[in-house]
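Chemist: Fold the following.
(chains A and B)
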Amino acid sequence: MTKQGVVPDSFSQPFWDAANEERLVIQNCHACDRLQHPPAETCRDCGAGDSLEWKRVSGRGTIYNYGVVHDCPVRLLQQDQPFNLAVIMLDDDPGIQMFSHLPGVPVDDVPVGAAVEVIFEPTANGQLVPEWRVIAD
Amino acid sequence: MTTPTAPDAMYRNDEGLGIWEHRGKVAAVGVGHGPTSRRWDGRPETCVGAISIQALRKAIDDAGVAPEQIDGLVVVPVTTTGAFWEEGKPLPMDVIESFNQTDDPLDGVAKLSAEWLLANMPELTNVQFTMYGPGCMSNALNVTAQAIGDGRTHTCLVVKSWHNFEGRYYQSGANVEDTLPGTAAMTRLWGGPASYGTALQFAEYCRKYGKTHEMMAPFMENSRRNGLMFPEGYWAQHRPEELGREDYLAARWIAKPANLFDNDIPIMMSGAYLFSTAERAADMKQKPVYILNHASSNARPRSLTPTLDEVEAETARTARKIYEGAGITADDLSFENMYDGFSLFHQFHLEGLGYRGIGFGDALDFYQTDISIEGPNPVSPSGGNVGSGRSRVWMHTDCIQQLQGRAGPRQVTGVKPEVAVSGGPMPLGGNFTVWSASPD
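Modeler: I've put the predicted structure just below:
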């Protein structure tokens, strides 16, 4: 499935640059030593704005939950309906979630709790985006 | 006059605040609704501004006060159901020119300012206080109650309206573009519909407690039944169709496990109330319904979407705030009218409240018992958004009308209507009001 293209803005540029290098980075407050995603201008814990950095994470996680999208508001994805839309919890910090279409996983047959690893897929304009695939036993 | 947005200090976000300082000293009296419709038909008399004026005038008339007695107006300025006036689309000048205008040509068409209302309701000659309560009527009610209690206004109107235009829900704007800005893309590239987050929470709930989507059917049937007895509602006015178990379970999925009926139908509507001090309310046409407390939830999830643990912790915390400020317990609730749009989170509110003693994981079993207005445990007697369309207003109207004893065929008969709670929208992030037939 091809997602909409991405036009990085100054705030998100490091995330997308890293994705193009097939690295997953997540915003981290070095004062709190705490990851946050989605990223923000300030740390949601301590409120500091000058302690945020982009930190490379392992790219390993677990399928926490999922739904099946049958009526998607995004035009470009409608041709692929129905599709899985899962929530991944990162091994680096299970409180941090990322979305995934779980490429290769049959619709509505999602192994909740299974281990996953990050992969990178091209969007409509070639920008790579983090996705996740189930790690075979 | 420039209308400010309510400051954070007006909300009761924290535990440990004690009894609300204005408990029983503020009252709701008048109720007014504009007509509903599925979408705007383009006529001046049906635009969101026009139906708001209708609702406000009905609330004034219902309370039996002279317009010049009104000195306050609280407005929810955002009116969209997810439909926006597309950039570059010609303005509806015939509609705009039918009203006194503000600087924004879409005021009264795709949004609503206090200034627009005052410019088009010349009878409101004495309004000295205006304020915005963002988002929902639930928020605006908290603002109105606090403003009256604080003495900033003594007789105040509050209004929330919704517009809905042609086209499919949220299928416009960035969702039809070929690219997304980088920051938005981090969360929006995957295309989850509006109910997706709630569907996730419900899925986790079912896995944890061994429940199923089918167990929602009695709640949905009951809500539509109650909604069809709500003459101000969309389904009662336009499509008086019962929602049977098989109808519900056969509906197409939107974001499984949320189906079509779990998603409230977007409509045009307006709801308005007249609030006053308890002292002044005593002389008005309708029986006052006293505000025992208002409470808010401003919690945010740690990451993209709330986990079930976060939901349950916050609904329990919200309930403690509700009860603490009102000086009541769950046992005092005659009924509940917590929010239901999306239907799949109503049980989170119920369980947080501990309504009728239920705990986490119990609500869907509770739905299999008698939850009707005739029984001892009424659930959502308003019918909520499931029963009357997206407004986030029906729950409040119903609390007022039930406690005034004028809910008509919806009137609860299995319990004596004395104390009720309504509010929402979300388990994380909402505003709640405790209503009472008595100020004590």
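
Chemist: mind listing what the closest residue to chain A within the stretch 101-250 of chain B touches?
Modeler: Nearest to chain A, among the residues of the stretch 101-250 of chain B, is B:G182, at 3.4 Å (CB to the nearest CB). For the C-beta atoms, the positions are set from N, CA and C on the backbone; glycine is no exception. Listed by CB atoms under 8 Å, 6 or more residues apart in numbering or on different chains, the contact partners of B:G182 are A:V6, A:V7, A:P8, A:D9, A:F11, A:S12, A:Q13, A:F15, A:W16.

Chemist: Tell me the one of the residues you listed nearest B:G72?
Modeler: Set against B:G72, the nearest of the contacts of B:G182 by CB to CB is A:F11 (40.2 Å).

Chemist: Can you report how many residues lie near the closest one?
Modeler: A:F11: 15 surrounding residues under other CB atoms under 10 Å in any protein chain shown.

Chemist: Three-state assignment for it, please.
Modeler: coil (DSSP: H, G, I helix; E, B strand; the rest coil).

Chemist: is it true that it touches B:A184?
Modeler: No: shown here, A:F11 and B:A184 do not form a contact pair, counting by CB atoms under 8 Å, at 10.6 Å.

Chemist: Backbone dihedrals for B:W253, please?
Modeler: Per-residue torsions, B:W253: phi -80, psi 150 (degrees, to the nearest 10).

Chemist: And B:A110, by the same measure?
Modeler: Dihedral angles (degrees, to the nearest 10) for B:A110: phi -130, psi 10.

Chemist: wait, what's in contact with the nearest residue to it once chain neighbours are set aside?
Modeler: Among residues not flanking B:A110 along the chain, B:W85 sits closest, at 4.4 Å (CB to CB, 6 or more residues apart in numbering or on different chains). By CB under 8 Å, 6+ apart, the residues touching B:W85 are B:L106, B:V109, B:A110, B:F165.

Chemist: Average pLDDT for the helix ranked longest in chain B, rounded please.
Modeler: Taking DSSP state H as the criterion, chain B has its longest helix at helix B:308-326. In this model, helix B:308-326 has an average pLDDT of 98.

Chemist: mind checking how far the residue most central in space within chain A is from chain B?
Modeler: With distances taken as CA atoms, centre = their mean, chain A has A:M98 as the residue nearest its mean C-alpha position (3.7 Å). A:M98 is 7 Å from chain B, where distance means CB to the nearest CB, to the nearest Å.

Chemist: Repeat that for A:P111.
Modeler: In terms of CB to the nearest CB, A:P111 sits 13 Å off from chain B.

Chemist: Count the residues that sit near that residue.
Modeler: A:P111 - counted by other CB under 10 Å - has 13 other residues nearby.

Chemist: With the one 5 residues further on instead?
Modeler: The burial count assigned to A:V116 is 25, neighbours taken as other CB under 10 Å.

Chemist: Can you give me the domain assignment for chain A?
Modeler: By the assignment in automatic domain parsing, chain A contains the domains A:9-56, A:58-137.

Chemist: Now render those domains as a markdown table, adding mean pLDDT.
Modeler: Converted to a markdown table, the domains of chain A look like this (pLDDT from 0 to 100):
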| stretch | mean pLDDT |
| --- | --- |
| domain A:9-56 | 96 |
| domain A:58-137 | 97 |
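
Chemist: and among those domains, the most buried is which?
Modeler: Mean neighbour count, computed with mean count of other CB atoms under 10 Å in any protein chain shown, is highest for domain A:58-137 among the domains of chain A, reaching a mean of 19.

Chemist: Who are the packing partners of the longest strand belonging to chain A?
Modeler: In chain A, taking DSSP state E as the definition, the longest strand is strand A:60-69. Applying 3 or more CB pairs under 8 Å, 6 or more residues apart in numbering or on different chains; DSSP states H and E, one finds that strand A:60-69 makes contact with strand A:83-90, strand A:93-100, strand A:115-122, strand A:128-134, helix B:196-209, strand B:253-256.

Chemist: what distance separates it from the middle of the whole chain?
Modeler: 11 Å (CA atoms, centre = their mean, to the nearest Å).

Chemist: Check the closest residue to B:A119 other than its chain neighbours and give its pLDDT.
Modeler: Spatial nearest neighbour of B:A119, excluding adjacent residues (CB to CB, 6+ apart): B:N100 at 3.9 Å. We note a pLDDT of 98 for B:N100 in this prediction.

Chemist: residues in contact with B:N100?
Modeler: Counting by CB under 8 Å, 6+ apart, B:N100 has contacts B:W116, B:A119, B:N120.

Chemist: Sticking with it, tell me its helix or strand.
Modeler: Using DSSP states H and E, B:N100 maps to neither a helix nor a strand.

Chemist: Would you list the phi and psi of it?
Modeler: phi -70, psi 130.

Chemist: thinking again about what came up before, next one: the residue of the stretch 101-250 of chain B closest to chain A from A:S51, what distance?
Modeler: 22 Å (CB to CB, to the nearest Å).

Chemist: can you give me the helices in the stretch 101-250 of chain B?
Modeler: In the stretch 101-250 of chain B, the helices defined using DSSP state H, counting those that start in this stretch lie at B:114-120, B:137-149, B:182-188, B:196-209, B:217-227, B:234-238, B:245-250.

Chemist: any chance of those helices in TSV, plus distance to B:E68 and mean pLDDT?
Modeler: As requested, the helices of the stretch 101-250 of chain B are exported to TSV (distance: least, CB to CB, whole Å; pLDDT from 0 to 100):
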stretch	distance to B:E68	mean pLDDT
helix B:114-120	13	98
helix B:137-149	18	98
helix B:182-188	48	96
helix B:196-209	45	98
helix B:217-227	36	98
helix B:234-238	32	98
helix B:245-250	49	98
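
Chemist: Find the one among these with the highest mean neighbour count.
Modeler: Neighbour counts (mean count of other CB under 10 Å) averaged over each of the helices of the stretch 101-250 of chain B peak at helix B:137-149, with a mean of 26.

Chemist: can you give me how far that one is from the chain middle?
Modeler: 13 Å.

Chemist: Also stretch B:118-129?
Modeler: 25 Å.

Chemist: again with stretch A:53-64
Modeler: 9 Å.

Chemist: Per-residue pLDDT of the residue lying farthest from the centre of chain B, please?
Modeler: The centre of chain B is farthest from one residue, B:D178, which by CA atoms, centre = their mean lies 34.6 Å away. On the pLDDT scale, B:D178 is placed at 94.

Chemist: Verify the stated contact: it with A:L76.
Modeler: Yes: applying CB under 8 Å as the test, B:D178 and A:L76 come out as touching, 7.1 Å apart.

Chemist: OK, contacts around the closest residue to B:E241 other than its chain neighbours?
Modeler: Leaving out its chain neighbours, the residue that sits closest to B:E241 by CB to CB, 6+ apart is B:W235, at 6.9 Å. Residues counted as contacts of B:W235 (CB under 8 Å, 6+ apart) are B:R224, B:G227, B:L228, B:E241, B:G387, B:S388, B:G389.

Chemist: top of these by neighbour count?
Modeler: Among the contacts of B:W235, the one with the most neighbours (other CB under 10 Å) is B:S388, at 34 neighbours.

Chemist: how much space between that residue and B:S161?
Modeler: 15 Å.

Chemist: just B:I265 next, same as before
Modeler: Counting by CB to CB - B:I265 and B:S161 are separated by 16 Å.

Chemist: out of these two, which sits in the busier spot?
Modeler: B:S161 (32 against 19).

Chemist: ok, the closest residue to B:N377 other than its chain neighbours - how many residues close by?
Modeler: Spatial nearest neighbour of B:N377, excluding adjacent residues (CB to CB, 6+ apart): B:R356 at 5.0 Å. B:R356 has 20 neighbours, counted by other CB under 10 Å.

Chemist: which phi and psi does B:R356 have?
Modeler: phi 60, psi 30.

Chemist: What separation is there between it and chain A?
Modeler: 29 Å.

Chemist: what residues are up against residue 37?
Modeler: Went with chain A since none was named. Neighbours of A:H37 in contact, by CB under 8 Å, 6+ apart: A:I26, A:Q27, A:I96, A:Q97, A:M98, B:M186, B:S303, B:L304.

Chemist: ah, I was thinking of chain B
Modeler: By CB under 8 Å, 6+ apart, the neighbours of B:S37 are B:T46, B:N164, B:Y234, B:H238, B:I267, B:M268.
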